[in-house]
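[1] My questions concern the predicted model and sequence given below.
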Amino acid sequence: MSNSTLSLGLSLTIGVGKCTNYAMKAFTLLLTVLLFASTSATPAEQNTPSLTIKGFGTAGISGTDTDRLKFRRNTSEDTGVDRSAGFDIDSRLGLQLDAEFSESWHAAVQWVARSHPGDFVEQNLDWAFLRWRPQPDLDLRLGRLGFDVFLLSDYRNVGYAYPWIRPPHEFYAGLPIYHFDGADIAKKFSVGDGYLTLKSFGGYAFYQVPTAFSQIFDAESVLAGGSLAYEQGSWRARIGYVYTENISALPLQPLVAAVNDPLVRSLWPGGASVVNSLSVNDKAVQFSSIGLAYDDGVWLAQLEGAYIDSEVASYPSVANGYLSLGRRFDSLTVYSLLGIAESLHARVDVPQPLVPAPALIGYRNFVDGLLNKNGVDEKSVSLGLRWDIYENIALKAQWSHYWLGQNGTQLWLEPPSGPTPAEVNVWSLGVDFVF
């Protein structure tokens with residue numbers, strides 16, 4: 001695992017949950033949604049539901065020019081690629097089932113097979129919700145929902161829907177949360193020549209991420225947020241916000257017990273107080289974003305920026321963003337992409353032990369890594385091609401060059417020792433499809 005240790009996803013909902021039998025929970029959620037929908041229509045509306053099955057996928061291969069660092073799509077992945085190219089970071093296959101019970105009632109389920117170190121069935125179930133539309137401009141949904149706080153909220157797994165090989169790394173790699181269980185409400189207004197959609201949501205997020213503790217974290221939080229989106233002609237704009245509060249804790253009990261030992265306290269003054277600052281219980285993380293996109297069928301442009309305000313000591317606040325420009329030439333699209341992500345924090349002074357005992361030095365270095373070597377310092381430029389060979393199949397090629405700070409590779413996977421390379425090239429080839 002990277003010496004950057006904790007991911008942004010870990011910071012958003014750090015904690016160890018005691019949830020068990022996740023696959024059964026996913027199946028129960030799905031069954032509840034479908035059964036409730038089938039019994040919710042009025043007698044006049046109760047007809048055989050209209051079922052639609054859709055699919056999408058990506059087959060991709062990527063590699064880099066170094067063995068000192070591994071590139072991954074986002075921080076929910078515990079595998080990456082280096083000089084030995086790999087298929088698993090971008091390859092995925094998704095299925096979506098939509099059931100239309102009436103004009104007012106609709107249910108949707110989406111499951112995406114992708115690389116994930118946690119429970120493969122439950123964690124890859126992104127949607128399982130029931131929607132009630134009492135009016136044409138009002139939607140209420142209940143169940144498993146996706147976060148609607150950035151431009152790619154509904155389709156960041158659907159590679160065919162965007163020009164790049166993957167969503168911009170600096171912005172989306174640190175967002176491993178794909179879903180939450182709860183409810184949302186959206187109201188649409190006609191404004192000028194376009195439509196304004198106001199949405200609010202709330203619920204409970206549970207997801208699993210790899211960590212520096214050589215185990216999978218069961219992370220839990222409660223959350224609330226909303227978004228404001230406007231569409232007019234070739235333009236789309238969105239503002240999003242989500243507030244999360246951790247309701248679980250890092251697995252630091254062995255470390256806490258060790259540093260609270262009287263002998264350790266005497267040999268490492270100040271160590272216990274620094275370790276106690278790592279507590280994440282009831283700590284909040286707030287995510288704010290703004291995005292703008294333009295696509296007239298020939299020219300396409302997109303930019304997003306975000307700020308993550310974190311109370312979690314082991315994950316500093318982050319500012320990030322990207323800008324993409326592209327041009328279509330019939331079935332061929334040429335695009336460029338610029339990205340930047342920077343952690344905003346002051347270095348924490350972790351005291352040295354009075355005696356250089358290996359165990360004490362190990363404790364000290366581990367804590368120092370959590371507090372001071374867990375940031376993001378990344379800039380990149382990418383160039384790519386997309387060729388739509390059929391109406392539902394696109395071939396893509398992308399080259400990206402990254403500039404990295406020594407303590408800023410949280411979005412990557414690092415070997416256990418050795419310096420971080422200052423620059424890395426990443427190449428990728430892929431085919432996206434929908435059916």
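    Received it, and whenever you're ready, just let me know what you need.
[2] How about the secondary structure of residue 255?
    When classified by DSSP: H, G, I helix; E, B strand; the rest coil, residue 255 comes out as helix.
[3] repeat for residue 366
    Assignment for residue 366 (three-state DSSP): helix.
[4] Surely it is in contact with residue 255?
    Yes - applying CB atoms under 8 Å as the test, residue 366 and residue 255 come out as touching, 7.2 Å apart. C-beta here means a position set from N, CA and C on the backbone, and glycine is covered the same way.
[5] show me where this structure has helices.
    Using DSSP state H, the helices of the chain run over residues 8-12, 22-40, 120-123, 169-172, 253-259, 262-267, 271-276, 358-372.
[6] Mind telling me which of the ones you listed the model trusts least?
    Sorting the helices of the chain by mean pLDDT places helix 8-12 lowest, at a mean of 33.
[7] Next up, the contacts around the spatially closest residue to residue 58 that is not a sequence neighbour.
    Ranked by CB to CB, 6 or more residues apart in numbering and with sequence neighbours excluded, the top spatial neighbour of residue 58 is residue 159, at 4.2 Å. Listed by CB atoms under 8 Å, 6 or more residues apart in numbering, the contact partners of residue 159 are 56-58, 60, 90, 165-166, 394, 396, 430, 432.
[8] what about the stretch 101-250 of the chain, any weak spots by pLDDT?
    Residue ranges of the stretch 101-250 of the chain with pLDDT under 70: 212-214.
[9] All the strands of it, residue numbers only.
    Using DSSP state E, counting those that start in this stretch, the strands found in the stretch 101-250 of the chain span residues 105-114, 125-135, 138-145, 180-191, 194-210, 216-232, 235-246.
[10] would you list the ones you listed in CSV and tack on mean neighbour count and distance to residue 402?
    Listed next are the strands of the stretch 101-250 of the chain as CSV, based on neighbours: other CB atoms under 10 Å; distance: least, CB to CB, whole Å:
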stretch, mean neighbour count, distance to residue 402
strand 105-114, 21, 22
strand 125-135, 19, 28
strand 138-145, 19, 33
strand 180-191, 16, 31
strand 194-210, 19, 21
strand 216-232, 20, 26
strand 235-246, 19, 26
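[11] on that earlier part again, do you know how far the residue nearest to residue 58 is from residue 90?
    Going from residue 159 to residue 90 by CB to CB, to the nearest Å gives 8 Å.
[12] shared neighbours of the two, anything?
    58, 60, 165-166, 430.
[13] between the residues you listed, which is nearest residue 75?
    residue 166 (13.3 Å; CB to CB).
[14] show me the contacts for the closest one.
    60, 73, 90, 159, 172, 428.
[15] From residue 304, how far out is the fourth one?
    Here residue 159 is placed at a distance of 18 Å from residue 304 (CB to CB).
[16] try the first one
    Computed as CB to CB, the residue 60 to residue 304 distance reads 22 Å.
[17] which residues touch residue 182?
    142, 145, 201-204, 223.
[18] Kindly reformat those residues as JSON lines containing distance to residue 236.
    Listed next are the contacts of residue 182 as JSON lines, based on distance: CB to CB, whole Å:
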{"residue": "142", "distance to residue 236": "26"}
{"residue": "145", "distance to residue 236": "20"}
{"residue": "201", "distance to residue 236": "19"}
{"residue": "202", "distance to residue 236": "25"}
{"residue": "203", "distance to residue 236": "25"}
{"residue": "204", "distance to residue 236": "29"}
{"residue": "223", "distance to residue 236": "24"}
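[19] List just the nearest of those residues to residue 244.
    For the contacts of residue 182, the residue nearest residue 244 by CB to CB is residue 223; the value is 4.4 Å.
[20] So what pairs up with that closest one in the strands?
    Using DSSP bridges, the bridge partners assigned to residue 223 are residue 203, residue 244.
[21] Was I right to think it contacts residue 245?
    Yes - Residue 223 lies in contact with residue 245 (CB under 8 Å); the separation is 7.5 Å.
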